[in-house]
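S.K.: output the structure for:
(chains A, B and C)
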Amino acid sequence: MEICKFCSKRSSAAKHLGNDELEKLGHSCVEVSFEKGDIIFKQNALSSNIIYVREGLVKIHMAGPEREQILKIAKGPSYLGIPTTIGDKVNNYSATALTKTEVCFIDIHIFKDFISTNSEFAYEIIVNLCKNELGHFHRCVNQLQKQSSGRVAETLLFFADEIFKTDTFDLPLSRHELGDLTGNSRENVSRILSDFNNEGLINISGKSIQILNKEKLFMISRNG
DNA sequence: GCATTAACCACAG
DNA sequence: CTGTGGTTAATGC
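M.R.: Numbers count the residues shown, from 1 in each chain, chains lettered A, B, ... in the order given. Just a heads-up that it's a prediction; the model follows:
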């Protein structure tokens, strides 16, 4: 198995692995492909793998006391489940594919082994976790302090700037999921979206979105 | 009080 | 699954 050695989607951490380490990784790594809607791992299930998303969009979500909450949208290449696999025995959240997704399951023991023997690998992982935590802090504050239209505007800009890198795209989420992501009811998401549409900020038909007035959308996102 | 915001319900495509 | 309208509760001016 030499899949990791020649993988073109290697993570910035894995770039610091030597040939023998990559070979070890290749032996313990399982490659799986998921279709849209497939569950990659499930909350409360036992977990002994770190997941590396080589390609695709994934939603990380958690069953809350009231309803489902989408914690983040992850785009490959990206690690998933480091916190929940190292910090606990069971998954504290679920991951579901939003598009066709290519995933590698990495055995936790190999992963820990690399961390304790390869400091550059470990450092990259820490950088990754830190950036993640900062992102969550921002999302947390925004979620709590912005009003609903601001949260929806922010999410639209997130998809345009971070995920698709274009102002015209197809939403990979239903209105319900968009509600779970922004902490809104699905009805409210519908209303806010059609308000944006009527005000000429976006052009929406079904799931296809075109952002027409980014500045104004940004103002709404920033000011609540 | 009155206006705004957002949740819940119901019903129609 | 979506979009809309009516209603209601909470909050701020």
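S.K.: which SS class is A:H136?
M.R.: Following DSSP: H, G, I helix; E, B strand; the rest coil, we place A:H136 in the helix state.
S.K.: helix, strand or coil for A:N92?
M.R.: Classification of A:N92 using three-state DSSP returns coil.
S.K.: contact residues of chain A facing DNA strand B?
M.R.: Selection of chain A residues close to DNA strand B by C-beta under 7 Å from any atom of the strand yields A:147-149, A:183-185, A:187-188. Backbone N, C-alpha and C define where each C-beta goes, glycine included.
S.K.: what's the domain layout of chain A?
M.R.: A:14-142, A:146-223 (automatic domain parsing).
S.K.: will you turn the ones you listed into TSV that also has mean pLDDT and mean neighbour count?
M.R.: TSV is the format used below for the domains of chain A (pLDDT from 0 to 100; neighbours: other C-beta atoms under 10 Å):
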stretch	mean pLDDT	mean neighbour count
domain A:14-142	93	16
domain A:146-223	93	17
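S.K.: export those domains to CSV and append columns for distance to A:C4.
M.R.: Compiled in CSV, the domains of chain A are given as follows (distance: least, C-beta to C-beta, whole Å):
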stretch, distance to A:C4
domain A:14-142, 4
domain A:146-223, 26
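S.K.: what's the most distant pair in the residues of chain A next to DNA strand B?
M.R.: A:Q147 and A:E187 (15.7 Å; C-beta to C-beta).
S.K.: related to what we said a few turns ago, which one of the domains of chain A lies nearest to DNA strand C?
M.R.: domain A:146-223 (3.3 Å; C-beta to the nearest atom of the strand).
S.K.: that closest one close to DNA strand C?
M.R.: Yes. Domain A:146-223 lies within reach of DNA strand C by C-beta under 7 Å from any atom of the strand, at A:174-176, A:186-187, A:190-191, A:193-194, A:204, A:206-207.
S.K.: which among those residues gets closest to DNA strand B?
M.R.: Once C-beta to the nearest atom of the strand is applied, the member of the residues of domain A:146-223 next to DNA strand C that ends up nearest DNA strand B is A:E187, at 4.4 Å.
S.K.: for the one helix or strand that closest one maps to, C-alpha coordinates in PDB please.
M.R.: If you go by DSSP states H and E, A:E187 is part of helix A:186-198. Taking Å, rounded to 0.1, in the frame of the first residue of the first chain, the C-alpha atoms of helix A:186-198 are listed here in PDB:
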ATOM      1  CA  ARG A 186     -36.800  26.900   8.600                       C
ATOM      2  CA  GLU A 187     -39.700  29.300   8.100                       C
ATOM      3  CA  ASN A 188     -37.500  32.200   9.200                       C
ATOM      4  CA  VAL A 189     -34.800  31.100   6.800                       C
ATOM      5  CA  SER A 190     -37.300  31.000   4.000                       C
ATOM      6  CA  ARG A 191     -38.500  34.500   4.800                       C
ATOM      7  CA  ILE A 192     -35.100  36.000   5.200                       C
ATOM      8  CA  LEU A 193     -33.900  34.600   2.000                       C
ATOM      9  CA  SER A 194     -36.900  35.900   0.100                       C
ATOM     10  CA  ASP A 195     -36.500  39.300   1.800                       C
ATOM     11  CA  PHE A 196     -32.900  39.400   0.500                       C
ATOM     12  CA  ASN A 197     -34.200  38.400  -2.900                       C
ATOM     13  CA  ASN A 198     -36.900  41.100  -3.000                       C
END
